[in-house]
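Asks: Next comes the sequence, and after it the predicted model I'd like to discuss.
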Amino acid sequence: MKVQAFHLALGSISAPPSAPALWGHLAWWVRYTQGEAALRDWLEAFQHDPPFLISSAFPRGYLPRPLLPPVQVQDTVKRKKLKSLRYLSLKTFERVVQEGEGALLESPELSGDKSPRIALATQTRVGIARATGTAQEGILFTDRVYWLGQGEWTVYVQLRREADYLEEALRQIGAFGYGGKASVGLGRFEVVDVQEMELPEAENPTHYVTLAPTLPEGEGFFALETYWGRLGGHYAQAETPFKRPYLRAREGSVFQQVPSARLLDVTPEPAPEAGVRVWEYLYPFCLGVRV
């Protein structure tokens, strides 16, 4: 599949960038830079014929491990290593989607322990007195943060129509911060490179692996999670700042048929503003797999 790849230099962040949250940031970028009418047109396009599909972010040069029937391994150490693999290099991914999990037994991710890992850590910061701009005595906050390492992460976009604003939009989103705790410095990133490339997928696929969360549908191999999201933009200060929760299949889930999920209405009760509906982006970003 031909895609546009946006490579990001990320620091500490409250959660690894996911497709629905990145799309939500893009929606707020349209609202703040072009106005409410432009946002309504943008949302209308995504209801029927989206101009692009966006993936979650993954370590550069890697994709999520497809959830396929596991290969049987007797060696305990090798079995534990195999179980811990979360990301596969593009080369290994290409073999796995064509040959199945047996290809992992000969992969450098298993033999050389080279699969990227995400570290969860705590970060302590002082309270700042607004009047003086200095540290407040006895006021400390501790946040749980993800440390994504020194390497770069990549977001893939499948363009269906021209969307030449994406690079500038992502640059501005990175400058202001992605996700929670942006006001204290988390979620900053830089767009360091943009390139066109081909993502590997199986010839004559029988199933499809998604690079973005979507609704579980039909038969397949799913990793499910209940998602409790927060509203973004100035709705973060609303009376009810949480979206309606829903069940979704995570990146790497495999479906027998391409899911039909689109935008999901997650408007809370009460709505953040009269007449407003809140949408969650749940388009799958599928690559072919043979099972």
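Replies: Everything's here; your move.
Asks: Quick check: next helix or strand after the longest helix that the chain contains?
Replies: Across the chain, the helix with the greatest residue count (assigned by DSSP state H) is helix 19-34. Sequence-wise, the next helix or strand downstream of helix 19-34 (DSSP states H and E) is helix 36-48.
Asks: Report all helices and strands that that following helix contacts.
Replies: Packing contacts for helix 36-48, counted by 3 or more CB pairs under 8 Å, 6 or more residues apart in numbering; DSSP states H and E, involve helix 19-34, strand 263-265, strand 279-281. (Glycine included, C-beta is placed from N, CA and C.)
Asks: Packed most tightly, which of these would that be?
Replies: strand 279-281 (a mean of 22; mean count of other CB atoms under 10 Å).
Asks: residue ranges with poor pLDDT in this structure?
Replies: Low-confidence segments of the chain (pLDDT under 70): 148-150.
Asks: What are the boundaries of the helices in it?
Replies: Under DSSP H, the chain gives helices at 19-34, 36-48, 76-84, 90-99, 108-111, 166-176.
Asks: Of the ones you listed, which is nearest Ala121?
Replies: helix 76-84 (18.3 Å; CB to CB).
Asks: distance between that closest one and the chain's centre?
Replies: How far helix 76-84 lies from its chain's middle: 26 Å, per CA atoms, centre = their mean, to the nearest Å.
Asks: How about stretch 275-291?
Replies: Using CA atoms, centre = their mean, the offset of stretch 275-291 from its chain centre is 11 Å.
Asks: residue contacts, Lys81?
Replies: 110, 113 (CB atoms under 8 Å, 6 or more residues apart in numbering).
Asks: and the gap between it and Leu105?
Replies: 11 Å (CB to CB, to the nearest Å).
Asks: Please apply the same query to Ala271.
Replies: 52 Å.
Asks: For beta bridges, what are the partners of Glu190?
Replies: Here Glu190 sits in beta bridges with Ala9, as judged by DSSP bridges.
Asks: Surely it and Gly177 touch.
Replies: No: in this structure Glu190 lies outside contact range of Gly177 using CB atoms under 8 Å: 11.9 Å.
Asks: neighbour-wise, which of those two wins?
Replies: For Glu190 versus Gly177, neighbours defined as other CB atoms under 10 Å are more numerous around Gly177 (20 against 15).
Asks: How about the more buried one: what's its closest non-neighbour residue?
Replies: Leaving aside its sequence neighbours, Gly177 sits nearest to Gly187 (CB to CB, 6 or more residues apart in numbering; 3.9 Å).
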